[in-house]
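A.B. asks: Got a predicted structure here, sequence first:
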Amino acid sequence: MATGRTHRPATRSRGIPEATVARLPLYLRALTALSERSVPTVSSEELATAAGVNSAKLRKDFSYLGSYGTRGVGYDVEYLVYQISRELGLTQDWPVVIVGIGNLGAALANYGGFASRGFRVAALIDADPAMAGKPVAGLPVRHTDELESIITDNGVSIGVIATPAGAAQQVCDRLVAAGVTSILNFAPTVLSVPEGVDVRKVDLSIELQILAFHEQRKAGEETSPAQETAVAAAAQPRSGTGVRPAAGGRKGPDGDVPAVMPA
Ligand SMILES: NC(=O)c1ccc[n+]([C@@H]2O[C@H](COP(=O)([O-])OP(=O)(O)OC[C@H]3O[C@@H](n4cnc5c(N)ncnc54)[C@H](O)[C@@H]3O)[C@@H](O)[C@H]2O)c1
């Protein structure tokens, strides 16, 4: 789900490609589910299906970890959980701060999945003085005045930004200046960071737009050739509207062809 950019070369220093790193959490999620069901071993095909990955790619990915499985038996689930967790740095505790405790920040703070994966929410930070001290998910919200001391005192290296877009760069700059080297950004803006700082961006609306694109294509494929001709004629852009026709040719409620999302 996450889209992101990192300021790292395509291959990490230990020789694991970024694309493999990006798939490790998928394997880990599938393996954790097997572990919870006390499944002792798993074949590469079964695991690839559970993780939604091609099995040849999985075997190649695991070869970077030095894990080759046993012919006829497969991979040891517990050992792979340990290996991948260690590779991802999840065998240690990562304190994180969340900045911007509105609808999204509060929802993230209340999400139990971070703690179970080794991410401890060290503090919740917001600029609104009226929120200072109010409990959210069992933690008192701290004012942004304290941001630097919170980062230093808790040894925080990962910051989550859930502020409005207009505040995100300034929040990012303060986090980085205070020592944060990894940012998870939910605000719909591109952040500039110095060399050595990793930024991952999550934007659910982008994921929805991609789904909308595919839905539109599917609808287009279902359209008969005769309908397509009629739709194409209707989709001729009118002068001065600046509206591009939708590829799938579905009509909007007013009978016009809806615009595709702006680039
Ligand atoms: N990535 C996604 O999929 C996704 C989904 C929903 C919302 N968002 C984005 O997340 C952000 C938050 O959305 P929301 O609905 O929670 O908004 P919200 O208005 O409910 O909350 C924003 C919070 O940020 C605080 N804030 C403002 N400026 C700040 C600053 N300089 N430092 C610290 N805190 C500051 C506000 O006081 C407020 O509590 C928005 O940018 C929104 O577009 C992203």
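C.D. replies: Now that the structure is in, tell me what you want to look at.
A.B. asks: quick check: longest strand of the protein.
C.D. replies: Longest among the strand segments of the chain by residue count, using DSSP state E, is strand 119-126.
A.B. asks: Quick check: neighbours of that one in the sheet, parallel or antiparallel?
C.D. replies: Each strand that pairs with strand 119-126, with its direction, by DSSP bridges: strand 94-99 (parallel), strand 139-143 (parallel).
A.B. asks: What lies in contact with the first one?
C.D. replies: Outside of strand 94-99, the residues within contact range by Cβ atoms under 8 Å, 6 or more residues apart in numbering are 105, 108-109, 114, 118-126, 144, 147, 150-151, 154-163, 171, 175, 180. (Each C-beta comes from the backbone N, C-alpha and C, glycine too.)
A.B. asks: you'd agree residue 72 is in a helix?
C.D. replies: No. Counting by DSSP: H, G, I helix; E, B strand; the rest coil, residue 72 falls outside a helix, being coil.
A.B. asks: Tell me, how many residues neighbour it?
C.D. replies: By the other Cβ atoms under 10 Å criterion, the neighbourhood of residue 72 contains 6 residues.
A.B. asks: which of the contacts of strand 94-99 are close to the ligand?
C.D. replies: Restricting the contacts of strand 94-99 to those adjacent to the ligand (criterion: Cβ under 6 Å from any ligand atom) gives 105, 126, 144, 162-163, 171.
A.B. asks: Centre of the chain to stretch 149-168, how far?
C.D. replies: 17 Å (Cα atoms, centre = their mean, to the nearest Å).
A.B. asks: Take the strands paired with strand 119-126 and write them to CSV, including mean neighbour count and distance to the ligand.
C.D. replies: As requested, the strands paired with strand 119-126 are arranged in CSV below (neighbours: other Cβ atoms under 10 Å; distance: least, Cβ to the nearest ligand atom, whole Å):
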stretch, mean neighbour count, distance to the ligand
strand 94-99, 22, 5
strand 139-143, 17, 9
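A.B. asks: CSV for the ones you listed, including mean pLDDT?
C.D. replies: Conversion of those to CSV gives the following (pLDDT from 0 to 100):
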stretch, mean pLDDT
strand 94-99, 96
strand 139-143, 97
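A.B. asks: can you put those strands in JSON lines and add distance to residue 79?
C.D. replies: As requested, the strands paired with strand 119-126 are exported to JSON lines (distance: least, Cβ to Cβ, whole Å):
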{"stretch": "strand 94-99", "distance to residue 79": "23"}
{"stretch": "strand 139-143", "distance to residue 79": "35"}
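A.B. asks: Tell me which of the ones you listed sits nearest to residue 202.
C.D. replies: Each of those has some distance to residue 202 by Cβ to Cβ; the shortest is strand 94-99, at 12.8 Å.
A.B. asks: Alright, calling it a day.
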